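[1] structural data only, the sequence is not supplied:
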């Protein structure tokens, strides 16, 4: 006899255990949390200073020593994550992984070591997730907050209210990249520090006025560099609560007085942080000076906590990606009624071939539905070749909630919804997603074709079966005979699909 836990027997939800992994340019972090009744309780934290950014070569590959160091770390993380089902772990890569050459095999090896997929997220998406984490660490309040997060290769700055970011930017500077550029020889001179701060100020300059005019009342910092700086200025007695501008200036002077990284002796500073500490201080000083910050409080939450809260939102049907698609539909004046009809038909066809075509992942269903709603997004640019305009927009726009691979998949689906199948674009996808995307593209093409007349009353509801690359589309009664235009279009579609190795039979 199987014993049922008392909590489950009483009809209560058992706590869900989830994990978030942050593959930063300086450190790799992992947190494990229990989700119970909408609340997060962190039960485990792992961190290793991998310094991935140090290994990025000029041709955008990873130095073998750094690559091996990173993979060994991920294997240790993967051991902790054994037994976690798909969907309970979200792992993201940031600045260094964004820069890797497409031909690099590191990401595939990293996924194998971790045992879970790794998403490479854009800088502004990283900023949104950081803000989500920090906002949950602070009291809800109505004031506008400036949030600053210094990573190894990028710095994210965000202005928001409550849990909603209003401005987001990702700047191309971090503690590792700045230290490599200005303090690579280990010397910390006044001139080197000044040049590093000017480099940082130049990076902030394009968005300086935008963020100064945003009307924020408080500044908050997050992640390792800022937390280390806060620990030092507190331990040295220069600032009791967070980081003041004066304390940051004193810290800068102390580093210059030390003269070399090996000579840094500051209370509260870990030895492993020292090689990238001068660059981190220079970055924060440039942000303070450029944006006029006088004082900054420090949050214990950042990207990884934001990932957990994002996962909680998706499980509670508060997926920010849905809001993003709704915004796109409004902004580009998409015919939403037509898009919803195409979506319904596409998802109906998907359900019929999901098992035979191995399309049972819930995220595949979501992406197909969003592609159906957005397939005419390029019409606002020009009707001619609108599938190409739409693909460009989806590939390059800042789409909150979407990872880069998800945006690429959406773009390929929209590109391939009419005319010839985009075989080159499909071939350029990672091997693990090519066949899936190809099949989703075929389903979307059929759904769009069946609604070519744009009539809300036209509901053929055909049956679809799939045996490898052989498709059979069956219509009820005499429906097809009564719609000769659709029959002609299906004949043309069969020719296009045949060129891509897919046999379409209909009747």
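    The structure has been received and is ready for your questions. Keep in mind that this is a model prediction, so the values were computed, not measured.
[2] low-confidence ranges, the stretch 401-507 of the chain, go.
    The model of the stretch 401-507 of the chain has pLDDT under 70 over residues 458.
[3] all helices for it, in order.
    All helices of the stretch 401-507 of the chain, identified by DSSP state H, counting those that start in this stretch, fall at 404-415, 423-427, 431-450, 484-499.
[4] what angle do helix 404-415 and the third one make with each other?
    When you say that, I think you mean helix 431-450. For helix 431-450 against helix 404-415, the angle by axes from the mean of the first three to the mean of the last three C-alpha atoms, to 10 degrees is 30 degrees.
[5] which parts of helix 431-450 are buried?
    Neighbour-count burial for helix 431-450 flags 433, 436-450 (criterion: 16 or more other C-beta atoms under 10 Å). Every C-beta, even on glycine, is put in place using the N, C-alpha and C of the backbone.
[6] repeat for stretch 173-193
    173-180, 182-183, 188, 192-193.
[7] residue 285 belongs to a strand?
    No: under the criterion used here (DSSP: H, G, I helix; E, B strand; the rest coil), residue 285 is helix, not part of a strand.
[8] burial count for the residue lying closest to it once chain neighbours are set aside?
    In space, and not counting its chain neighbours, residue 285 is closest to residue 197: 5.2 Å by C-beta to C-beta, 6 or more residues apart in numbering. Residues lying near residue 197 (other C-beta atoms under 10 Å) number 23.
[9] same question, residue 457
    With other C-beta under 10 Å as criterion, residue 457 counts 5.
[10] over to residue 142?
    With other C-beta under 10 Å as criterion, residue 142 counts 7.
[11] hmm, back to that, just checking, the residue nearest to residue 285 touches residue 289?
    Yes: under the criterion of C-beta atoms under 8 Å, residue 197 makes contact with residue 289 at 7.2 Å.
[12] got the contact list for the residue nearest to the spatial centre of the chain?
    When C-alpha atoms, centre = their mean is applied to the chain, the residue found nearest the centroid is residue 121 (3.2 Å). For residue 121, the contacting residues are 92, 93, 94, 129, 403, 404, by C-beta atoms under 8 Å, 6 or more residues apart in numbering.
[13] looks like residue 485 contacts residue 453 (just checking).
    Yes: counting by C-beta under 8 Å, residue 485 touches residue 453, with 7.4 Å between them.
[14] tally of neighbours for residue 354?
    17.
[15] same thing with the one 5 residues further on?
    With neighbours defined by other C-beta under 10 Å, the count for residue 359 comes to 19.
[16] contacting residues around it?
    350, 353, 365, 436, 439, 440.
[17] of all those, which comes closest to residue 255?
    residue 436 (50.8 Å; C-beta to C-beta).
[18] the closest one touches residue 364, doesn't it?
    Yes: Residue 436 lies in contact with residue 364 (C-beta under 8 Å); the separation is 6.5 Å.
[19] related to what we said a few turns ago, turn the contacts of residue 359 into JSON lines, columns for distance to residue 383.
    Formatted as JSON lines, the contacts of residue 359 follow (distance: C-beta to C-beta, whole Å):
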{"residue": "350", "distance to residue 383": "27"}
{"residue": "353", "distance to residue 383": "31"}
{"residue": "365", "distance to residue 383": "29"}
{"residue": "436", "distance to residue 383": "30"}
{"residue": "439", "distance to residue 383": "28"}
{"residue": "440", "distance to residue 383": "24"}
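[20] just those now: which is nearest residue 41?
    Nearest member of the contacts of residue 359 to residue 41, counting by C-beta to C-beta, is residue 365, at 30.6 Å.
[21] the closest one: what secondary structure?
    Secondary structure of residue 365, per three-state DSSP, is helix.
[22] quick one: it from residue 48, how far?
    36 Å (C-beta to C-beta, to the nearest Å).
[23] ok, now which ones touch residue 402?
    Contacts of residue 402 (C-beta under 8 Å, 6+ apart): 125, 321, 324, 410.
[24] low pLDDT regions in the stretch 1-150 of the chain?
    Using pLDDT under 70, the stretch 1-150 of the chain drops low at 1-15, 139-141.
[25] so which residues of it form strands?
    Assigned by DSSP state E, counting those that start in this stretch, the strands in the stretch 1-150 of the chain fall at 16-23, 28-36, 39-48, 89-93, 118-120, 144-150.
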